[in-house]
Structure formats: structure tokens, C-alpha cells
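Q: sequence and predicted structure are below.
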Amino acid sequence: MQTPLSILPLSPPIKVKVLNAGFHVFDDVLQVSVLELSREAGLSQEDALEVLQAVRKEAGADGGAAAGDGASLTALDLLQNEEALTRIVTFSSRLDSALGGGLPVGKTTEICGAPGVGKTQLCLQLAVDVQVPPCFGGLGGQAVFIDTEGSFVVQRVVDLAAAAVRHCTLLAEDAEQREAATAFTVENILSNIFLVRCHDYVELLAEIYLLPDFLSGHPKVRLLVIDSVAFPFRQHFDDLRNQRTRLLSGMAQQLISMATKHDMAVVLSNQMTTRVQGGQSQLVPALGESWGHVPTLRLLLRWAGSQRQATIFKSPDNEEATVNYQITMDGFRDDDRSEQPPSKRPRTLAD
């Protein structure tokens, strides 16, 4: 039996417009985009997006209950899943080591920090690193990069890609690696990064809700980057805090669902804001405390004098740790200026 739209917790004016436009059941709405629903029902894009969010949320809840009937996981199953978890290297061996091998696939990671500390550089680095061939310890995947600030610089990606290509070429030792290195070119790396430019929160949310269809047709996508997630939501919401919280909550559920269902890493960069507590001001990640529960892993990039430091300050799997890093022409790398040289170990991608 089709689920009627009348059960949705929408305001009466919105519900009347949707029903009068001929949308009566969930499937009717799921077949159209935000812009089509807005045009056909005479709604603003914000209201159309709210309708689509409500439908997807209810449909997802019903589907989840159905899928869970008669199925269960044991603690051993979960442990085996965690041990089999794939990761994306950052090319900083110390950060990768602290993270247990790199950023986890199938989970959400937030990269926080002040302007100019290297958040976008790390995001671009990951979009290249996710494509490293499997014989070199990579995933051989593709990336979707959602740019909300206009910070995606293609020439910088060319620099990072060229460095990764040189690195793999130097590491190639057997026939399989040499063949893979031949196909691992700057042109192929650029062609496997799908770039989306979003100018406001409506475009960002619409893109996220349309992504599942794109991902179904592109199963090699193993990384989704949003740089930055905060920028669109720090405008136009001065008097609409509850609406912002509701939209962020719906977006978070969608991102977590995509990470799990499509087995990809979701990486979100976030800005910093000032919070006054106890008469003192401090810098904290933007979007509030409730948003802080969304990412599985949170990294804080910051300046310590003239050095850059990356700190793991939220992780269910890793201890809190701080490592020094630097941004070079080749990309995101270790900073050894004040640290002891690493002990001898096998060569890795981050060496």
C-alpha cells in the first residue's frame, strides 16, 4: 500500500499546495527534484526541500524497519567489519599511524580549523589519494568534491596528482605495480574527481539528496568531500536557528546513510567560531554542539607558533594524538623539524 503524504508533519499551507499539485503518496514526490517540486507545487525551494527531506526520512525509517526484520548482527560480526575497514592515506605517515592507517571508509570525518591552516589542502590531497592503485595499498577509487566556498583550485590538484604519480612510480617494484603506475596519470586522476559547485544551502542540500542516484551509477566513488559544510549555513539563519538545526539534522542523516550504504568516506571541512564561556572566549568548531555528534571522527588543524599541528579530538577507535604536518608543493606531509626521525620500517605510501 502506498504511504499517503498527508501523514507528514508539514505545515497545513505546504501540505495543501503539495496535495493540490497532484502529489498524494511518497512515490509521487520521490520521482521529482527539488526544483521540479518547487515549480509544480508553487513552493519556495526551501519549502520544497523540506517536503523532500520529510518524505525521505519517513521512507527511510519504514525501509529500515522492514530490512531489520529477522536480521541481526553479533558483536563478532561488528569486530570483523571494523578489522576489514579500508582507509584513505593522507601522505602524512604520523597522522596515518595515529588514525590506524588513514581516514576510515564508511564513516564521516570532520576537519576543523582556522582559515589558512590547511583544511582545503587536506581535502584535495584525499581526493587524489583515494585513487592510488590497490597494488600500492590504495583504493583505486573516485571522488565527489562539493565546493561551497570556491576554494577548489585545479592547478593545485595537478601539483598534488603529479607528486602522487611520481611517488608510486618510484615505489613500483614488480610487473603489477609498474603496469598500475603506467595507468596512474595526472589526467586520469583529474577525470576521476567529480566537482560540484554549490552557492548556498539550498543547492547544497539539493545536491546531497540527489547524490544517491549518482552514486548508484558510479560504484567506484569511495570519497565524498564537502568543503566547507559550515559556510552555506552561516548565512541567512540569524533568526531561524530551529530551521537550521532541522536542515542540518536531515543532511547529517543522509550523509551517514550514504557513507554506510555506498562504502565511502565522507569528509567535511568546518570553520571555527568564537564561543564565550565563563567570561572567556575560545575558538570552537562552527554549527554548534549538536552538530559535533554527527562526525565519527574529528580532526582539529591549528597553528602552534610557526608549525601546523593536527589533533585527533574525537574518535571511537583512536586515542587523542597530535602530530606536526606541513603543506609543501607536493601536498600534505609530515613536518620533521622538531620531531625525532621515525624508526626503520617498511616503505609506505606516506614515506
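A: Looks like it came in fine.
Q: please make it C-alpha for all contacts and neighbour counts, starting now.
A: OK.
Q: tell me, how many residues neighbour Ser306?
A: 6 (other Cα atoms under 10 Å).
Q: return the distance of Leu19 relative to Gln142.
A: Separation of Leu19 from Gln142 (Cα to Cα, to the nearest Å) stands at 40 Å.
Q: got the contact list for the closest residue to Met272 other than its chain neighbours?
A: Among residues not flanking Met272 along the chain, Pro285 sits closest, at 4.4 Å (Cα to Cα, 6 or more residues apart in numbering). When contacts are counted by Cα atoms under 8 Å, 6 or more residues apart in numbering, Pro285 touches 112-113, 270-273.
Q: show me which of those residues is closest to Ser191.
A: Asn270 (26.3 Å; Cα to Cα).
Q: the more surrounded of Leu19 and Gln142?
A: Gln142 (26 against 15).
Q: what's the spacing between that one and Ala172?
A: 22 Å.
Q: cool, Ala143 as well?
A: 24 Å.
Q: neighbour count winner among those two?
A: Each of Ala143 and Ala172 has its neighbours counted (other Cα under 10 Å); Ala143 has more, 29 against 17.
Q: what about that one, distance to Leu170?
A: Distance from Ala143 to Leu170, by Cα to Cα: 24 Å.
Q: again, but for Ala321
A: According to Cα to Cα, Ala321 and Leu170 sit 31 Å apart.
Q: before we move on, what about Ser151?
A: Applying Cα to Cα, the value for Ser151 to Leu170 is 31 Å.
Q: wait, Val294 sits on Met251?
A: No - counting by Cα atoms under 8 Å, Val294 stays clear of Met251, with 10.0 Å between them.
Q: could you list the low-pLDDT ranges of the stretch 51-200 of the chain?
A: The model of the stretch 51-200 of the chain has pLDDT under 70 over residues 60-73, 76-85.
Q: so which bits of stretch 317-324 are buried?
A: For stretch 317-324, burial by neighbour count (16 or more other Cα atoms under 10 Å) applies to 322-324.
Q: also stretch 190-198?
A: Neighbour-count burial for stretch 190-198 [16+ other Cα under 10 Å]: 190, 192-193, 196-198.
Q: what lies in contact with that stretch?
A: Contacts of stretch 190-198 (Cα under 8 Å, 6+ apart): 127, 131, 141-148, 150, 157-158, 161, 204.
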